[in-house]
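**Q** I'll drop the sequence and a predicted model, then ask my questions.
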Amino acid sequence: MGVRVRRETKLIRVYSDLVAKLNEISNREGVPFMEYVNSALEQVVRAHRLGRSIKEVVDSYERMLIQREAGLVMAPLEALNKIVERFYPGEGDLLEGIWREAGVWYGKYLSIKIRDGEPLEVFRDMLKDSGWGIREINLERRGDRKLLKCFSLTLSLENTRLLMNFIEGVMEALGYKVLERNCLRGVIEIEFRDESNKK
Amino acid sequence: MKNDLIFIVRCISVYRLSVGDGLVSSRRKLLAAREDLAEKAAEIASRRRWTLYEFINDVLEEAIRADSLGVSLREVIDERGVLRDARESGFLLIPARLWYDLVDKAYMSLDEEWMRGLWYECGQWYGKYYGDLNKFAEALKKLFWDLSEADISLGTEEIHVRCILLNLSLSYADLFSRFIEGALDSLGYRLLSRDVSKGAVSMRFARRVP
């Protein structure tokens, strides 16, 4: 595929529309075109050494941007756990309501923001990134219904319930009707149906 | 810069199928890349059972995508570990409004000193975890997305920490200052002064004499 022109460079065949776009970017950035291309290739090699493809890295970065723009912040898990532990016994219902409401807001944000792709699948990937200690999330299709299963080894029962309410809020905002929900410490199961076409 | 385009020496008229766009006319060009990088790319492409042509075009598409997100591929990879680092160091992502409401409510209805102690302890833990002032300062800027400014200036005798928080609650600023105090305590500094107002924290520390 490559044609050798001199010792230190190699010619690679690419789509010309990509070249035009890259040339536009490199001009804007004030970087010589060849330097720009080489820098992109260097990053591919870097990503490869980290065991990732460049697409995976860009996907993950985009998810992080969405999280930031959606108004998520990083909180120390230990502090959250201790506050929830003290609050939950007397004010569990109130907390669950607040979590659910936050989920509705977040779901609405995702439904506006995610144009390429299925918001529920993006949400599933985001949950994995979120630091709730979620080991596995499965989304199974059962006829016209879907079943979401989350497994965590570290979530307390209180946090499992709060997270379940948050997820329900997100689903409701994405146009799903929750049919059944169950939770155990570290396990959430929510069965739901897509109702978005009925609205 | 234009001279670099001299490297694009040949155009071949072809058609390619672009998903979603139907049949799109696209010429092919040859572009020059550093030989060692091109060879490395060919090696990676071959391991993934892609042709070099497919692989390079994919890479360039990702470079354009990264640019549309406002960053370069280098920056994307530099920032790659933020969420993983956050997870590994015990942070979780939570909607800001939910977190702030919870913290404010707890600050008012639970014991205020208990909350301060909790934040101080968390700070101590993170100070130990990072074990170095520069690493802690870097993590603070990367992980606390609700900080609009974070400046840790190291003088000969003192450290000055100045942070501007996007959350304008006084209780949150107070707790945040306890977090910083705890972290710097673990890193060997004692608090000299603390100035906390809504959305702003300014603190001075001195190195603890052993």
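**A** Perfect, thanks for sending it. Numbers count the residues shown, from 1 in each chain, chains lettered A, B, ... in the order given.

**Q** what ranges do the helices span in chain B?
**A** Taking DSSP state H, the helices of chain B run over residues B:35-47, B:52-68, B:73-78, B:82-88, B:96-109, B:112-130, B:133-143, B:170-186.

**Q** Quick one: closest of the ones you listed to A:Gly169.
**A** When the helices of chain B are ranked by distance to A:Gly169, counting by CB to CB, first place goes to helix B:96-109 at 10.5 Å. Where C-beta positions appear, they are placed from N, C-alpha and C, glycine not excepted.

**Q** what sits against the residue nearest to B:Leu73 when sequence neighbours are not counted?
**A** Take B:Leu73 and drop its neighbours on the chain: the residue closest to it by CB to CB, 6 or more residues apart in numbering or on different chains is A:Gln43, 3.9 Å away. For A:Gln43, the contact set (CB atoms under 8 Å, 6 or more residues apart in numbering or on different chains) comprises A:54, B:73-74, B:76-77.

**Q** The residue of chain B found nearest chain A: neighbour count?
**A** Of the residues in chain B, the one nearest chain A is B:Leu92, at a distance of 3.4 Å by CB to the nearest CB. Burial of B:Leu92 is recorded as 20 neighbouring residues (other CB atoms under 10 Å in any protein chain shown).

**Q** Give me the pLDDT value at it.
**A** The pLDDT attached to B:Leu92 in the predicted structure is 88.

**Q** Tell me who's in contact with the residue nearest to it when sequence neighbours are not counted.
**A** Distances taken as CB to CB, 6+ apart put A:Gly131 closest to B:Leu92, at 3.4 Å, once the chain neighbours are dropped. Shown in contact with A:Gly131 (CB under 8 Å, 6+ apart): A:74, A:77, B:83, B:86-87, B:90-93.

**Q** likewise B:Ser177?
**A** B:194, B:196, B:201, B:203.

**Q** what residue is smack in the middle of chain B?
**A** The centroid of chain B falls nearest to B:Lys142 when counting by CA atoms, centre = their mean (3.7 Å).

**Q** I figured it hits B:Asp85, correct?
**A** Yes: applying CB atoms under 8 Å, one finds B:Lys142 in contact with B:Asp85, separated by 7.4 Å.

**Q** So what's the residue count around the residue lying closest to the residue nearest to the centre of chain B once chain neighbours are set aside?
**A** By the measure of CB to CB, 6+ apart, the closest residue to B:Lys142 outside its immediate chain neighbours is B:Val82, 5.5 Å from it. Here the neighbour count serves as a burial measure; for B:Val82 (other CB under 10 Å) it reads 19.

**Q** quick one on the thing from earlier: quick one: which of the contacts of B:Ser177 is most hemmed in?
**A** With neighbours set by other CB under 10 Å, the maximum within the contacts of B:Ser177 is found at B:Val201, which has 25 neighbours.

**Q** Run through the residues that contact that one.
**A** With CB under 8 Å, 6+ apart, B:Val201 has these contacts: B:161-163, B:165, B:173, B:176-177, B:180, B:194-195.

**Q** Out of the helices of chain B, indicate the one that is most buried.
**A** Relative to the other members of these, helix B:170-186 carries the highest mean neighbour count by mean count of other CB atoms under 10 Å in any protein chain shown, namely a mean of 22.

**Q** what's the average pLDDT for it?
**A** Mean predicted lDDT for helix B:170-186 stands at 96.

**Q** Equivalent analysis for stretch A:110-117, please.
**A** 83.

**Q** need the longest helix for chain A.
**A** When secondary structure is assigned using DSSP H, the longest helix within chain A turns out to be helix A:77-113.

**Q** Per the annotation, how does the chain divide into domains?
**A** Since you didn't name a chain, this refers to chain A. Described in terms of automatic domain parsing, the domain architecture of chain A consists of the residue ranges A:11-65, A:75-198.

**Q** not quite, I wanted chain B
**A** Residue ranges for the structural domains of chain B, counted by automatic domain parsing, are given in the record as B:1-32, B:94-207.

**Q** Three-state assignment for the residue of chain A found nearest chain B, please.
**A** Of the residues in chain A, the one nearest chain B is A:Gly131, at a distance of 3.4 Å by CB to the nearest CB. A:Gly131 falls in the coil class when you classify it by DSSP: H, G, I helix; E, B strand; the rest coil.

**Q** The helices of chain B: lowest mean pLDDT?
**A** The minimum mean pLDDT among those belongs to helix B:82-88 (a mean of 81).

**Q** Give me the distance from it to the chain's centre.
**A** Mean C-alpha position of helix B:82-88 versus that of the full chain (CA atoms, centre = their mean, to the nearest Å) differs by 10 Å.

**Q** got it, and stretch A:174-190?
**A** In terms of CA atoms, centre = their mean, the centre of stretch A:174-190 is found 19 Å from the chain centre.

**Q** hmm, that stretch in reach of chain B?
**A** No: applying CB under 8 Å from any CB of the partner chain, one finds stretch A:174-190 separated from chain B by no less than 14.5 Å.
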